[in-house]
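>>> Fold the following for me, if possible:
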Amino acid sequence: MTYNIRHGVGLDGVLDLERTARVIKAANPDIVILNEVDSGTSRSFGVDQADSLGVLLDLYPVFGRSIDYDGGQYGNALLSRYPIIDFHIIDLSTDSLLEGRSVFLSRINLKGDTLTILGTHLGLSQEERLGQVQHIDKVLPETDRIILAGDFNFESTSGAFDLITRSLQDGLAEFTTNPSLTFPADRPDRRIDYIFIGTDIDVMEGAEFKHPEILIASDHQPQILHFR
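Here you go, the predicted structure:
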C-alpha cells in the first residue's frame, strides 16, 4: 500500500491517527509507504506518527525526514511486516524557496528474499517534479526486485511519468487499464499516487479498496497492489 495520510488530519479537519490506522488495517498490507508523516511536531502533539502507526498495526516502522517543521520533522515513512535490513534518505530538494523533498531507499528481508523499496512525495511544480524524477532515476539500485511508491503529484500523461516508466513499470496498470483514482479522497478525479515496480515483481492483482472512512481519513485514497 502507498498512502498520503495528511499527518492524520481528515477532510473533516480532525487529527485522528487511530482512524488512519483503521483504514490501513482494513487492507491488511505487509508493506506500507506513507507520505506527509509528522515526527515530534507541535501540530501533532509531539507524536512520532510512524512509531505510533507501527504499534497500532504491529508493523516495523521507520521515518524518513524531508524537512524540519513545527518543532519536529515531516516526511515519509515505511511500515513493514518483514524485517527492515537498512534505510537511508536521499535529498531531492531543488530550490531553497520550495518545500524540501526526499526519497527513502530501503531493503526488506522477505523470508530470505531481498526486496528494495523506495518511497517519495514529489513537489508541486512540473519543473520541480521532473528534476526530482531525474535524480531518483540516477540513484535507482541495479535490481529488478524493486518498488518505488508514493505521492508523485503528476498524472500518467506527464513527462515525469514517462521518465520513470523507462526504468520501472506502473504496477497497477499491469493489472488493469483503469487504476483507481486517488485524489481528492471524497470525489477522486485523478491518480497522482503510484506503485512502480521492477521486472522481477510478479503482479497478482490490484485491489479496489473499500472502507467507510476512506473518503474522509485523508485528502488522498491509498493505492494497493498484490505481488510476489
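>>> three-state assignment of the closest residue to Gln134 other than its chain neighbours?
Closest residue to Gln134 apart from its sequence neighbours, by C-beta to C-beta, 6 or more residues apart in numbering: Leu163 at 6.8 Å. The way it works is simple: take the backbone N, C-alpha and C, and place the C-beta from them, glycine included. With DSSP: H, G, I helix; E, B strand; the rest coil as the basis, Leu163 sits in helix.
>>> wait, doesn't Leu163 sit right on His135?
No - under the criterion of C-beta atoms under 8 Å, Leu163 is not in contact with His135, lying 10.8 Å apart.
>>> before we move on, the earlier item: could you pull up the contacting residues of the residue nearest to Gln134?
Residues counted as contacts of Leu163 (C-beta atoms under 8 Å, 6 or more residues apart in numbering) are Leu130, Val133, Gln134, Asp137.
>>> pLDDT score for it?
If you check Leu163, the pLDDT there is 97.
>>> again, but for Arg107
98.
>>> which residues touch the closest residue to it other than its chain neighbours?
Using C-beta to C-beta, 6+ apart and skipping residues adjacent in sequence, the residue nearest Arg107 is Ile85, 4.3 Å away. Applying C-beta under 8 Å, 6+ apart to Ile85 gives the contacts Ser106, Arg107, Ile108, Asn109, Thr114.
>>> Can you classify the nearest residue to the first one once chain neighbours are set aside by secondary structure?
Yep, that's Ser106 we're talking about. Distances taken as C-beta to C-beta, 6+ apart put Phe87 closest to Ser106, at 4.3 Å, once the chain neighbours are dropped. Secondary structure, three-state DSSP: Phe87 is strand.
>>> the bottom helix or strand of the chain by mean pLDDT?
Among the helices and strands of the chain, strand 203-206 carries the lowest confidence by mean pLDDT, DSSP states H and E, at a mean of 77.
>>> which is the next helix or strand following that strand?
strand 225-227 (DSSP states H and E).
>>> other SSEs contacting that following strand?
strand 193-197, strand 203-206 (3 or more C-beta pairs under 8 Å, 6 or more residues apart in numbering; DSSP states H and E).
>>> Run a quick neighbour tally on Leu56.
As a burial measure, the neighbour count of Leu56 was computed by other C-beta atoms under 10 Å and equals 17.
>>> Double-check it against Asp16; I have them as touching.
No - under the criterion of C-beta under 8 Å, Leu56 makes no contact with Asp16, lying 11.7 Å away.
>>> how about the strands in the chain?
According to DSSP state E, the chain carries its strands in the segments 2-4, 31-39, 60-69, 72-80, 84-91, 102-110, 113-121, 146-151, 169-170, 193-197, 203-206, 225-227.
>>> Go through the ones you listed and pick out the most buried.
For those, ranked by mean neighbour count under the definition mean count of other C-beta atoms under 10 Å, the leader is strand 2-4 at a mean of 29.
>>> List the contacts of that strand.
Contacting residues not belonging to strand 2-4 are listed as 23-24, 32-36, 119, 121, 149-151, 193-195, 218-220, 222-223 [C-beta under 8 Å, 6+ apart].
>>> circling back: of the contacts of Leu163, buried ones?
If you count burial by 16 or more other C-beta atoms under 10 Å, the buried members of the contacts of Leu163 come out as Leu130, Val133.
>>> Out of the contacts of Leu163, list just those in helices.
Leu130, Val133, Gln134, Asp137 (DSSP state H).
>>> Now the residue most central in space within the chain: closest residue in space, sequence neighbours ignored.
Central residue check for the chain by C-alpha atoms, centre = their mean: the C-alpha nearest the mean position is that of Gly150, 3.0 Å away. The shortest distance from Gly150 to any residue other than its chain neighbours is 4.4 Å, reached at Thr120 (C-beta to C-beta, 6+ apart).
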